[in-house]
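Undergrad: Below is the structure, and that's it, no one-letter string:
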DNA sequence: GTCTATAATTTGATAGAC
DNA sequence: GTCTATCAAATTATAGAC
(Lines give C-alpha, C1' and ligand atoms only; values in the text may rest on other atoms or scores of the structure.)
Protein backbone atom coordinates (compact mmCIF):
# COMPACT_ATOMS: atom_id res chain seq x y z
CA UNK A 1 0.00 0.00 0.00
CA UNK A 2 1.38 3.38 -0.98
CA UNK A 3 1.68 6.13 1.58
CA UNK A 4 -1.16 7.97 -0.10
CA UNK A 5 -3.37 4.93 0.30
CA UNK A 6 -2.36 4.58 3.93
CA UNK A 7 -3.50 8.13 4.58
CA UNK A 8 -6.82 7.50 2.87
CA UNK A 9 -7.36 4.33 4.87
CA UNK A 10 -6.73 6.07 8.18
CA UNK A 11 -8.87 9.05 7.19
CA UNK A 12 -11.75 6.78 6.25
CA UNK A 13 -11.85 5.31 9.75
CA UNK A 14 -11.76 8.73 11.38
CA UNK A 15 -14.56 10.06 9.18
CA UNK A 16 -16.73 7.04 9.84
CA UNK A 17 -16.22 7.59 13.56
CA UNK A 18 -17.14 11.24 13.71
CA UNK A 19 -17.60 12.89 10.36
CA UNK A 20 -15.63 15.33 8.26
CA UNK A 21 -14.39 17.38 11.22
CA UNK A 22 -13.06 14.29 12.97
CA UNK A 23 -9.69 14.03 11.24
CA UNK A 24 -6.73 16.38 10.99
CA UNK A 25 -3.59 16.31 8.85
CA UNK A 26 -1.47 15.99 11.99
CA UNK A 27 -3.43 13.01 13.25
CA UNK A 28 -3.22 11.17 9.93
CA UNK A 29 0.47 12.01 9.60
CA UNK A 30 1.22 10.63 13.04
CA UNK A 31 -0.59 7.39 12.36
CA UNK A 32 1.37 6.64 9.19
CA UNK A 33 4.66 7.92 10.59
CA UNK A 34 5.26 11.17 8.73
CA UNK A 35 4.78 14.88 9.42
CA UNK A 36 1.65 16.87 8.67
CA UNK A 37 3.45 19.01 6.09
CA UNK A 38 4.13 15.85 4.10
CA UNK A 39 0.43 15.07 3.92
CA UNK A 40 0.02 18.29 1.96
CA UNK A 41 2.36 16.85 -0.66
CA UNK A 42 -0.15 14.06 -1.31
CA UNK A 43 -3.27 16.18 -0.84
CA UNK A 44 -3.04 19.98 -1.30
CA UNK A 45 -6.08 20.65 0.92
CA UNK A 46 -8.34 18.84 3.33
CA UNK A 47 -11.13 19.10 0.79
CA UNK A 48 -9.05 17.13 -1.72
CA UNK A 49 -8.35 14.42 0.83
CA UNK A 50 -11.99 14.22 1.93
CA UNK A 51 -13.20 13.94 -1.64
CA UNK A 52 -10.72 11.17 -2.42
CA UNK A 53 -11.79 9.25 0.69
CA UNK A 54 -15.45 9.41 -0.35
CA UNK A 55 -14.65 8.50 -3.93
CA UNK A 56 -12.63 5.43 -3.01
CA UNK A 57 -15.24 4.37 -0.46
CA UNK A 58 -17.89 4.46 -3.19
CA UNK A 59 -15.72 2.61 -5.69
CA UNK A 60 -14.88 -0.11 -3.16
CA UNK A 61 -18.54 -0.47 -2.19
CA UNK A 62 -19.76 -0.80 -5.77
CA UNK A 63 -16.93 -3.14 -6.56
CA UNK A 64 -17.77 -5.44 -3.66
CA UNK A 65 -21.37 -5.38 -4.82
CA UNK A 66 -20.89 -6.48 -8.40
CA UNK A 67 -23.70 -6.31 -10.94
CA UNK A 68 -27.33 -7.14 -10.06
CA UNK A 69 -27.58 -9.42 -13.06
CA UNK A 70 -24.54 -11.45 -12.01
CA UNK A 71 -26.10 -11.98 -8.59
CA UNK A 72 -29.43 -12.98 -10.10
CA UNK A 73 -27.76 -15.37 -12.51
CA UNK A 74 -25.99 -17.02 -9.58
CA UNK A 75 -29.40 -17.73 -8.10
CA UNK A 76 -29.31 -15.08 -5.38
CA UNK A 77 -31.50 -12.08 -4.60
CA UNK A 78 -29.67 -8.81 -5.44
CA UNK A 79 -31.54 -6.87 -2.74
CA UNK A 80 -30.50 -9.36 -0.09
CA UNK A 81 -26.94 -9.17 -1.39
CA UNK A 82 -27.04 -5.38 -1.08
CA UNK A 83 -28.38 -5.53 2.46
CA UNK A 84 -25.82 -8.17 3.39
CA UNK A 85 -22.99 -5.86 2.31
CA UNK A 86 -24.30 -3.22 4.70
CA UNK A 87 -24.67 -5.83 7.41
CA UNK A 88 -21.11 -7.06 6.97
CA UNK A 89 -19.86 -3.50 7.25
CA UNK A 90 -21.75 -3.00 10.50
CA UNK A 91 -20.70 -6.31 12.02
CA UNK A 92 -17.07 -6.28 10.90
CA UNK A 93 -16.12 -2.60 10.92
CA UNK A 94 -18.59 -1.62 13.65
CA UNK A 95 -18.74 1.70 11.87
CA UNK A 96 -21.31 3.83 10.08
CA UNK A 97 -21.51 3.97 6.29
CA UNK A 98 -19.10 6.77 5.39
CA UNK A 99 -21.53 8.42 3.00
CA UNK A 100 -24.42 8.01 5.41
CA UNK A 101 -22.59 10.06 8.00
CA UNK A 102 -21.23 12.63 5.54
CA UNK A 103 -24.63 12.95 3.90
CA UNK A 104 -26.16 14.05 7.20
CA UNK A 105 -23.47 16.73 7.41
CA UNK A 106 -24.07 17.93 3.84
CA UNK A 107 -24.52 21.56 4.92
CA UNK A 108 -20.92 21.89 6.07
CA UNK A 109 -19.15 19.75 3.49
CA UNK A 110 -16.80 21.38 0.98
CA UNK A 111 -18.14 21.19 -2.57
CA UNK A 112 -15.91 18.38 -3.80
CA UNK A 113 -16.76 16.17 -0.82
CA UNK A 114 -20.50 16.77 -1.04
CA UNK A 115 -20.32 15.97 -4.74
CA UNK A 116 -18.73 12.60 -4.06
CA UNK A 117 -21.33 11.77 -1.42
CA UNK A 118 -24.14 12.64 -3.83
CA UNK A 119 -22.48 10.37 -6.33
CA UNK A 120 -22.55 7.47 -3.87
CA UNK A 121 -26.31 7.72 -3.58
CA UNK A 122 -26.75 8.24 -7.30
CA UNK A 123 -24.91 5.00 -7.98
CA UNK A 124 -26.47 2.92 -5.21
CA UNK A 125 -29.98 4.11 -6.09
CA UNK A 126 -29.44 3.26 -9.74
CA UNK A 127 -28.14 -0.18 -8.79
CA UNK A 128 -31.16 -0.90 -6.59
CA UNK A 129 -33.56 0.46 -9.19
CA UNK A 130 -32.12 -1.91 -11.77
CA UNK A 131 -32.38 -4.80 -9.36
CA UNK A 132 -36.03 -4.06 -8.62
CA UNK A 133 -36.93 -3.38 -12.23
CA UNK A 134 -35.90 -6.92 -13.12
CA UNK A 135 -37.70 -8.37 -10.13
CA UNK A 136 -40.01 -11.30 -10.63
CA UNK A 137 -41.94 -10.41 -7.50
CA UNK A 138 -45.11 -8.38 -7.99
CA UNK A 139 -45.17 -4.94 -6.33
CA UNK A 140 -47.46 -1.95 -6.18
CA UNK A 141 -44.56 0.46 -5.86
CA UNK A 142 -42.26 1.21 -8.76
CA UNK A 143 -38.57 0.31 -8.83
CA UNK A 144 -37.37 3.83 -8.06
CA UNK A 145 -39.47 4.07 -4.93
CA UNK A 146 -38.38 0.66 -3.75
CA UNK A 147 -34.76 1.64 -4.27
CA UNK A 148 -35.17 4.78 -2.16
CA UNK A 149 -36.92 2.90 0.62
CA UNK A 150 -34.32 0.18 0.69
CA UNK A 151 -31.24 2.40 0.95
CA UNK A 152 -33.08 4.62 3.44
CA UNK A 153 -33.93 1.84 5.85
CA UNK A 154 -30.41 0.41 5.64
CA UNK A 155 -28.74 3.76 6.41
CA UNK A 156 -31.20 4.59 9.17
CA UNK A 157 -31.06 1.19 10.83
CA UNK A 158 -27.28 1.21 10.69
CA UNK A 159 -27.17 4.53 12.50
CA UNK A 160 -29.64 3.47 15.20
CA UNK A 161 -27.79 0.18 15.73
CA UNK A 162 -24.50 1.98 16.19
CA UNK A 163 -25.72 4.53 18.72
CA UNK A 164 -27.50 1.80 20.67
CA UNK A 165 -24.62 -0.66 20.32
CA UNK A 166 -27.17 -3.28 19.33
CA UNK A 167 -26.84 -4.98 15.95
CA UNK A 168 -30.12 -6.80 16.41
CA UNK A 169 -31.83 -3.51 15.56
CA UNK A 170 -30.30 -3.63 12.10
CA UNK A 171 -31.12 -7.31 11.69
CA UNK A 172 -34.69 -6.62 12.67
CA UNK A 173 -34.98 -3.79 10.16
CA UNK A 174 -33.76 -5.78 7.17
CA UNK A 175 -36.23 -8.58 7.83
CA UNK A 176 -38.93 -6.34 6.45
CA UNK A 177 -37.07 -5.52 3.24
CA UNK A 178 -39.03 -6.00 0.07
CA UNK A 179 -37.14 -8.54 -2.00
CA UNK A 180 -36.17 -8.15 -5.62
CA UNK B 1 -36.51 33.46 25.88
CA UNK B 2 -33.73 33.38 28.46
CA UNK B 3 -30.14 33.72 27.40
CA UNK B 4 -29.58 30.07 28.21
CA UNK B 5 -32.40 29.14 25.86
CA UNK B 6 -31.00 31.38 23.16
CA UNK B 7 -27.69 29.55 23.36
CA UNK B 8 -29.43 26.19 23.12
CA UNK B 9 -31.45 27.33 20.12
CA UNK B 10 -28.37 28.52 18.24
CA UNK B 11 -26.42 25.40 19.17
CA UNK B 12 -29.21 23.16 17.92
CA UNK B 13 -29.02 24.72 14.46
CA UNK B 14 -25.24 24.35 14.32
CA UNK B 15 -25.38 20.71 15.39
CA UNK B 16 -28.07 19.89 12.86
CA UNK B 17 -25.89 21.46 10.18
CA UNK B 18 -22.69 19.63 10.92
CA UNK B 19 -22.74 17.57 14.08
CA UNK B 20 -21.22 17.88 17.52
CA UNK B 21 -17.95 19.39 16.30
CA UNK B 22 -19.76 22.09 14.36
CA UNK B 23 -20.31 24.57 17.18
CA UNK B 24 -17.95 26.44 19.48
CA UNK B 25 -18.52 28.52 22.59
CA UNK B 26 -17.18 31.60 20.81
CA UNK B 27 -19.54 31.15 17.87
CA UNK B 28 -22.60 30.74 20.08
CA UNK B 29 -21.55 33.67 22.24
CA UNK B 30 -21.17 35.94 19.23
CA UNK B 31 -24.59 35.02 17.88
CA UNK B 32 -26.39 35.91 21.11
CA UNK B 33 -24.24 38.95 21.82
CA UNK B 34 -22.08 37.89 24.76
CA UNK B 35 -18.53 36.62 25.26
CA UNK B 36 -17.45 33.00 25.23
CA UNK B 37 -16.44 33.10 28.88
CA UNK B 38 -20.06 33.92 29.73
CA UNK B 39 -21.28 30.79 27.99
CA UNK B 40 -19.30 28.80 30.55
CA UNK B 41 -21.43 30.40 33.25
CA UNK B 42 -24.54 28.77 31.75
CA UNK B 43 -22.84 25.52 30.74
CA UNK B 44 -19.63 24.46 32.52
CA UNK B 45 -18.46 22.29 29.62
CA UNK B 46 -19.30 21.64 25.99
CA UNK B 47 -20.55 18.21 27.00
CA UNK B 48 -23.14 19.79 29.31
CA UNK B 49 -24.34 22.08 26.55
CA UNK B 50 -24.51 19.28 23.99
CA UNK B 51 -26.47 17.04 26.33
CA UNK B 52 -28.98 19.80 27.09
CA UNK B 53 -29.47 20.48 23.38
CA UNK B 54 -30.23 16.82 22.71
CA UNK B 55 -32.52 16.57 25.72
CA UNK B 56 -34.60 19.59 24.77
CA UNK B 57 -34.76 18.44 21.15
CA UNK B 58 -36.19 15.13 22.29
CA UNK B 59 -38.68 16.74 24.67
CA UNK B 60 -39.89 19.14 21.99
CA UNK B 61 -40.23 16.32 19.48
CA UNK B 62 -42.24 14.10 21.79
CA UNK B 63 -44.34 17.04 22.88
CA UNK B 64 -45.22 17.97 19.31
CA UNK B 65 -46.11 14.33 18.71
CA UNK B 66 -48.61 13.85 21.51
CA UNK B 67 -49.92 10.42 22.45
CA UNK B 68 -50.73 7.73 19.87
CA UNK B 69 -54.11 7.14 21.47
CA UNK B 70 -55.09 10.81 21.21
CA UNK B 71 -54.25 10.75 17.49
CA UNK B 72 -56.21 7.56 16.96
CA UNK B 73 -59.21 8.92 18.84
CA UNK B 74 -59.15 11.99 16.62
CA UNK B 75 -59.56 9.66 13.65
CA UNK B 76 -55.99 9.90 12.35
CA UNK B 77 -53.25 7.35 11.80
CA UNK B 78 -50.47 7.73 14.43
CA UNK B 79 -47.80 6.42 12.04
CA UNK B 80 -48.74 8.99 9.43
CA UNK B 81 -48.69 11.67 12.13
CA UNK B 82 -45.20 10.57 13.15
CA UNK B 83 -43.95 10.65 9.56
CA UNK B 84 -45.58 14.02 9.01
CA UNK B 85 -43.64 15.48 11.93
CA UNK B 86 -40.41 14.37 10.28
CA UNK B 87 -41.59 15.75 6.97
CA UNK B 88 -42.44 19.13 8.47
CA UNK B 89 -39.00 19.28 10.01
CA UNK B 90 -37.37 18.58 6.66
CA UNK B 91 -39.51 21.02 4.70
CA UNK B 92 -39.52 23.86 7.23
CA UNK B 93 -36.12 23.63 8.89
CA UNK B 94 -34.36 22.08 5.91
CA UNK B 95 -32.19 20.35 8.47
CA UNK B 96 -31.38 16.83 9.56
CA UNK B 97 -32.94 15.29 12.67
CA UNK B 98 -30.54 16.31 15.44
CA UNK B 99 -30.43 12.83 16.94
CA UNK B 100 -30.09 11.21 13.53
CA UNK B 101 -26.91 13.14 12.89
CA UNK B 102 -25.53 12.74 16.41
CA UNK B 103 -26.39 9.05 16.41
CA UNK B 104 -24.16 8.49 13.38
CA UNK B 105 -21.33 10.18 15.29
CA UNK B 106 -21.89 8.07 18.42
CA UNK B 107 -18.25 6.96 18.60
CA UNK B 108 -17.00 10.47 19.31
CA UNK B 109 -19.81 11.79 21.49
CA UNK B 110 -19.16 12.54 25.18
CA UNK B 111 -21.05 10.17 27.46
CA UNK B 112 -23.83 12.57 28.48
CA UNK B 113 -24.58 13.48 24.87
CA UNK B 114 -24.62 9.91 23.63
CA UNK B 115 -26.92 9.03 26.52
CA UNK B 116 -29.44 11.67 25.47
CA UNK B 117 -29.35 10.50 21.85
CA UNK B 118 -29.97 6.92 22.93
CA UNK B 119 -32.89 8.20 24.96
CA UNK B 120 -34.40 9.84 21.87
CA UNK B 121 -34.52 6.51 20.09
CA UNK B 122 -35.73 4.68 23.16
CA UNK B 123 -38.70 7.05 23.40
CA UNK B 124 -39.53 7.20 19.69
CA UNK B 125 -39.28 3.43 19.31
CA UNK B 126 -41.57 2.91 22.28
CA UNK B 127 -44.06 5.39 20.87
CA UNK B 128 -44.12 3.69 17.48
CA UNK B 129 -44.35 0.25 19.07
CA UNK B 130 -47.40 1.32 21.02
CA UNK B 131 -48.96 2.78 17.90
CA UNK B 132 -48.42 -0.44 15.95
CA UNK B 133 -49.52 -2.69 18.79
CA UNK B 134 -52.95 -1.05 18.75
CA UNK B 135 -53.16 -1.19 14.97
CA UNK B 136 -56.26 -2.61 13.36
CA UNK B 137 -54.32 -3.49 10.23
CA UNK B 138 -53.10 -7.08 9.95
CA UNK B 139 -49.34 -7.55 9.75
CA UNK B 140 -46.90 -10.40 9.65
CA UNK B 141 -44.25 -8.41 11.50
CA UNK B 142 -44.58 -7.59 15.17
CA UNK B 143 -44.96 -4.06 16.52
CA UNK B 144 -41.34 -3.75 17.62
CA UNK B 145 -40.01 -4.63 14.19
CA UNK B 146 -42.38 -2.24 12.50
CA UNK B 147 -41.29 0.52 14.86
CA UNK B 148 -37.63 -0.04 14.00
CA UNK B 149 -38.30 -0.09 10.28
CA UNK B 150 -40.37 3.07 10.43
CA UNK B 151 -37.90 5.23 12.31
CA UNK B 152 -35.06 3.80 10.21
CA UNK B 153 -36.59 4.69 6.87
CA UNK B 154 -37.51 8.17 8.10
CA UNK B 155 -33.99 8.95 9.34
CA UNK B 156 -32.36 7.46 6.27
CA UNK B 157 -34.65 9.16 3.77
CA UNK B 158 -34.21 12.49 5.55
CA UNK B 159 -30.44 12.23 5.23
CA UNK B 160 -30.53 11.27 1.55
CA UNK B 161 -33.01 14.06 0.78
CA UNK B 162 -30.77 16.62 2.45
CA UNK B 163 -27.55 15.67 0.69
CA UNK B 164 -29.37 15.57 -2.64
CA UNK B 165 -31.37 18.72 -1.94
CA UNK B 166 -34.44 16.88 -3.14
CA UNK B 167 -37.38 16.51 -0.77
CA UNK B 168 -39.22 14.28 -3.21
CA UNK B 169 -36.87 11.49 -2.11
CA UNK B 170 -38.30 11.71 1.40
CA UNK B 171 -41.85 11.93 0.10
CA UNK B 172 -41.26 8.87 -2.03
CA UNK B 173 -39.86 6.91 0.90
CA UNK B 174 -42.78 7.53 3.23
CA UNK B 175 -45.30 6.41 0.63
CA UNK B 176 -44.24 2.86 1.37
CA UNK B 177 -44.68 3.16 5.14
CA UNK B 178 -46.74 0.45 6.75
CA UNK B 179 -49.66 2.17 8.40
CA UNK B 180 -50.78 1.66 11.97
C1' DG C 1 8.76 12.58 -0.52
C1' DT C 2 9.78 14.19 3.63
C1' DC C 3 11.52 17.45 6.66
C1' DT C 4 11.82 21.93 9.96
C1' DA C 5 9.82 25.99 11.01
C1' DT C 6 6.25 28.94 11.27
C1' DA C 7 2.17 31.77 10.28
C1' DA C 8 -2.59 32.70 11.29
C1' DT C 9 -6.62 31.10 13.34
C1' DT C 10 -9.64 28.55 16.37
C1' DT C 11 -10.57 25.76 20.17
C1' DG C 12 -12.22 24.57 25.32
C1' DA C 13 -11.47 26.28 29.54
C1' DT C 14 -10.12 29.23 33.76
C1' DA C 15 -9.05 33.31 37.01
C1' DG C 16 -10.64 37.17 38.75
C1' DA C 17 -12.92 41.94 38.36
C1' DC C 18 -17.37 44.24 38.18
C1' DG D 1 -24.41 37.39 34.48
C1' DT D 2 -21.09 39.29 31.99
C1' DC D 3 -16.68 41.01 31.33
C1' DT D 4 -11.22 41.18 30.21
C1' DA D 5 -7.36 38.63 29.89
C1' DT D 6 -5.15 34.66 29.19
C1' DC D 7 -3.60 29.80 28.60
C1' DA D 8 -2.47 25.56 26.34
C1' DA D 9 -3.57 23.09 22.66
C1' DA D 10 -5.08 22.10 17.97
C1' DT D 11 -6.13 23.49 13.32
C1' DT D 12 -5.15 24.32 7.98
C1' DA D 13 -1.74 25.75 5.30
C1' DT D 14 2.81 27.54 3.32
C1' DA D 15 7.99 28.41 2.49
C1' DG D 16 12.03 26.47 1.74
C1' DA D 17 15.83 22.98 2.80
C1' DC D 18 17.29 18.21 1.93
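TA: Okay, I see it. None of these values were measured; they are calculated from a predicted model.

Undergrad: Kindly report the residues of chain A close to DNA strand C.
TA: With CB under 7 Å from any atom of the strand as the criterion, chain A comes near DNA strand C at residues A:2, A:3, A:4, A:29, A:33, A:34, A:35, A:36, A:37, A:38, A:41, A:42. Where you see a C-beta, it was placed from the backbone N, CA and C, and this is true even at glycine.

Undergrad: Mind putting these into JSON lines with neighbour count, pLDDT and secondary structure?
TA: Below are the residues of chain A next to DNA strand C laid out as JSON lines (neighbours: other CB atoms under 10 Å in any protein chain shown; pLDDT from 0 to 100; DSSP: H, G, I helix; E, B strand; the rest coil):
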{"residue": "A:2", "neighbour count": "8", "pLDDT": "97", "secondary structure": "coil"}
{"residue": "A:3", "neighbour count": "14", "pLDDT": "97", "secondary structure": "helix"}
{"residue": "A:4", "neighbour count": "15", "pLDDT": "98", "secondary structure": "helix"}
{"residue": "A:29", "neighbour count": "18", "pLDDT": "98", "secondary structure": "helix"}
{"residue": "A:33", "neighbour count": "9", "pLDDT": "98", "secondary structure": "coil"}
{"residue": "A:34", "neighbour count": "16", "pLDDT": "98", "secondary structure": "coil"}
{"residue": "A:35", "neighbour count": "11", "pLDDT": "98", "secondary structure": "coil"}
{"residue": "A:36", "neighbour count": "13", "pLDDT": "98", "secondary structure": "helix"}
{"residue": "A:37", "neighbour count": "10", "pLDDT": "98", "secondary structure": "helix"}
{"residue": "A:38", "neighbour count": "14", "pLDDT": "98", "secondary structure": "helix"}
{"residue": "A:41", "neighbour count": "10", "pLDDT": "98", "secondary structure": "helix"}
{"residue": "A:42", "neighbour count": "18", "pLDDT": "98", "secondary structure": "helix"}
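
Undergrad: Quick check: residues of chain A near DNA strand D?
TA: A:23, A:24, A:25, A:26, A:27, A:36, A:37, A:40, A:44, A:45, A:46, A:47.

Undergrad: Swap in 10 Å and give it another go.
TA: Proximity of chain A to DNA strand D is confined to A:14, A:20-30, A:35-41, A:43-50, A:110 under the rule CB under 10 Å from any atom of the strand.

Undergrad: Nearest to the spatial middle of chain A, which residue is it?
TA: What sits nearest the mean C-alpha location of chain A, by CA atoms, centre = their mean, is residue A:97, with 4.2 Å.

Undergrad: Please name the residues that touch that one.
TA: Contact partners of residue A:97, counting by CB atoms under 8 Å, 6 or more residues apart in numbering or on different chains, are A:16, A:86, A:89, A:154, A:155, A:158.

Undergrad: likewise residue A:137?
TA: Counting by CB under 8 Å, 6+ apart, residue A:137 makes contact with A:178, A:179, A:180.

Undergrad: picking that back up, in the contacts of residue A:97, which has the lowest confidence score?
TA: Within those, pLDDT reaches its minimum at residue A:89, with 95.

Undergrad: Distance check, the residue lying closest to that one once chain neighbours are set aside against residue B:40.
TA: Of all residues not flanking residue A:89 in the chain, residue A:97 sits nearest, at 6.7 Å (CB to CB, 6 or more residues apart in numbering or on different chains). Distance, residue A:97 to residue B:40, by CB to CB, to the nearest Å: 36 Å.

Undergrad: Likewise for residue A:172?
TA: Counting by CB to CB - residue A:172 and residue B:40 are separated by 42 Å.

Undergrad: now swap in residue A:148 and tell me
TA: For residue A:148, the distance to residue B:40 - CB to CB - is 44 Å.

Undergrad: For residue A:77, grab phi and psi.
TA: phi -90, psi 120 (degrees, to the nearest 10).

Undergrad: Do I have it right that it meets residue A:179?
TA: Yes - taking CB atoms under 8 Å as the definition, residue A:77 is a contact partner of residue A:179 at 5.3 Å.
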